[in-house]
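Trainee: Mind looking at a prediction? Sequence and model below.
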Amino acid sequence: METLPRLRRGHPWLTDVLLVVLVAVPPVIRPQPGWRPVWVQSVVYAALVLPLLWRRRRPVLVAALVTAGFWAQYLWQVWGQEPGRGAVALAAVLATLTVRGLRRAAAATVLCAACCVLLWIPDWQRDYGGSGARGAWLTPLAVGLLLAGSWVFGEYVRARRAYVAEFERRAALAESERLALARVAVAQERARIAREIHDVLAHSVSVMVLNAEGGRLMRHADPTVVDRTFGVISATGRDALDELRRLLEVLRTPDADASSGDPGRGPGDGGVGESLSADLRRLVGRLNTNGTRARLDLRGEPGGLPADLTVQTYRIVQEALTNVVKHAPPDATIHVGVDTGTKGPGRLVRVQVRNSAGAEAPPEHPTALLSSGHGLTGMRERTALYGGSVDAGPTPDGGYQVAATLRPTEPEPSTATP
């Protein structure tokens, strides 16, 4: 059942040869009283059968040749009143025209055949007529049914092929859409991983460099500050390594449960609200060891927030503080405000990170760190996941402020790229 269709598709000429054999067998060429000579029968027979070999490449021309052979069979009375061979050849040509969708050529072929059959009826009436005779009407009826059946068969095959082609087209379209969605998912996942790595490394390295420079400047004035500074550097480095280890673990095991290895998780492992408060206090506390004055203001109800939203809140504060470390003067004051709102519809989570202008200009070396320019873009992506927004810009006193708003609803896909 599977070999024959595959063989027919690979070698279409086999179908043409089989059709010619079916039309040509059994042969009707023989000497018969009232028939034309054998050579005339052979010529008409060849005109009816051999053109079928080219019916795929020249269907209209083949139809014209076979129709001409059918008329020659009638006009010359080649096989007397026997139209069977020509009718079978016409049926094969008509089916080919219909399958190809050449309805005008098919209609012209049927019209020519019908005219020939109508002209043949008086001879059938004369030879087969009489009381109770049925042959005079059975022959044209059989020819008409044969041609009508070939037309219907051709329409069926054409509709079937169109259906299969449309099914294959839709299957190919669905497969291409699936591959496109898979590529988009991979790109989004890569963007998410890149955003997480950027946030972890940018903040941790910035804090470590800032504390290292501050400790170097304070090593002669207050050795205890140096000890605290190295402690912060060590803790920051360990936290960064832990987060990077989680990211790499997710990349190594892509089928792992997202809840157990989500690269968007914050450094804390406690409850949602408790972890966010503790992580933010530890994050802000790292900036106070070298004399920078930082203050954290937490408001609202900590519970009832999606776990991923608390992670995005932490990352936004982290990235905003990274920008402060990179660009603010050493003596600038920093205010971090996080309001988680109250439970209920319309709940909003607001984040505000603001630094003052400071009395000193930010030094060019060595604490002024290079910026990749992805920080604000990453914060916009994170707030877009929860239908929020980010506003950033200078304050009237010469400082800088980052304000973000998130809506504690189901996350929405984001098409932004880092």
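Mentor: Structure's in. What do you need?

Trainee: can we go C-alpha only for contacts and neighbour counts from here?
Mentor: Will do.

Trainee: Helices of the stretch 51-200 of the chain, start to end?
Mentor: In the stretch 51-200 of the chain, the helices defined using DSSP state H, counting those that start in this stretch lie at 59-75, 84-99, 103-128, 135-218.

Trainee: Just want the angle from the last one to helix 103-128.
Mentor: An angle of 160 degrees separates the directions of helix 135-218 and helix 103-128 when computed by axes from the mean of the first three to the mean of the last three Cα atoms, to 10 degrees.

Trainee: Name the nearest residue to Val226, sequence neighbours excluded.
Mentor: Gly215 (4.8 Å; Cα to Cα, 6 or more residues apart in numbering).

Trainee: Actually, Pro37.
Mentor: Nearest to Pro37 is Pro31, by Cα to Cα, 6+ apart, at 6.8 Å.

Trainee: Could you do Ile197 as well?
Mentor: Nearest to Ile197 is Leu244, by Cα to Cα, 6+ apart, at 7.2 Å.

Trainee: what about the one you found, which helix or strand?
Mentor: Element membership of Leu244 [criterion: DSSP states H and E] is helix 223-252.

Trainee: for that helix, which positions count as buried?
Mentor: 225-226, 228-230, 232-233, 235-237, 239-240, 243-244, 246-247, 250 (16 or more other Cα atoms under 10 Å).

Trainee: Centre-most residue in the chain?
Mentor: When Cα atoms, centre = their mean is applied to the chain, the residue found nearest the centroid is Glu177 (2.2 Å).

Trainee: and the helix holding Leu244, what other elements does it pack with?
Mentor: In terms of contacts (3 or more Cα pairs under 8 Å, 6 or more residues apart in numbering; DSSP states H and E), helix 223-252 is packed against helix 135-218, helix 258-261.

Trainee: repeat that with 6 Å
Mentor: helix 135-218 (3 or more Cα pairs under 6 Å, 6 or more residues apart in numbering; DSSP states H and E).

Trainee: give me every residue that touches Ala404.
Mentor: For Ala404, the contact set (Cα atoms under 6 Å, 6 or more residues apart in numbering) comprises 350-351, 389-390.

Trainee: remind me which residues of the stretch 301-418 of the chain are low pLDDT?
Mentor: 325-327, 330, 358-374, 409-418 (pLDDT under 70).

Trainee: Quick one: the strands in it, in order.
Mentor: Using DSSP state E, counting those that start in this stretch, the strands of the stretch 301-418 of the chain run over 334-339, 349-355, 389-394, 400-406.

Trainee: who wins for proximity to Asp308 among these?
Mentor: Nearest of the strands of the stretch 301-418 of the chain to Asp308, taken as Cα to Cα: strand 400-406 at 11.5 Å.

Trainee: between the closest one and strand 334-339, how many degrees?
Mentor: Using the same axes, to 10 degrees: strand 400-406 against strand 334-339 is 10 degrees.

Trainee: and the angle from strand 400-406 to strand 349-355?
Mentor: 170 degrees.

Trainee: Specify the angle between strand 400-406 and strand 389-394 in degrees.
Mentor: 170 degrees.

Trainee: Parallel or antiparallel, which strands does strand 400-406 pair with?
Mentor: strand 349-355 (antiparallel), strand 389-394 (antiparallel) (DSSP bridges).

Trainee: Show me where the stretch 251-400 of the chain has its helices.
Mentor: Under DSSP H, counting those that start in this stretch, the stretch 251-400 of the chain gives helices at 258-261, 272-285, 307-327, 375-384.

Trainee: how about those helices, which one is nearest Leu298?
Mentor: helix 272-285 (7.6 Å).

Trainee: chain center to the closest one: distance?
Mentor: Distance, stretch centre to chain centre, for helix 272-285: 41 Å (Cα atoms, centre = their mean, to the nearest Å).

Trainee: List the buried residues of that helix.
Mentor: 272-273, 275-277, 279-281, 283-285.

Trainee: Looking at those, which is nearest Leu18?
Mentor: Scanning the buried residues of helix 272-285 for proximity to Leu18, where the rule is Cα to Cα, the winner is Val272, at 76.4 Å.

Trainee: Can you name the residues bridging to Gly337?
Mentor: Applying DSSP bridges to Gly337, the residues it is bridged with are Asp297, Gln352.

Trainee: surely it meets Arg350?
Mentor: No: contact between Gly337 and Arg350 fails when scored by Cα atoms under 6 Å: they sit 7.9 Å apart.
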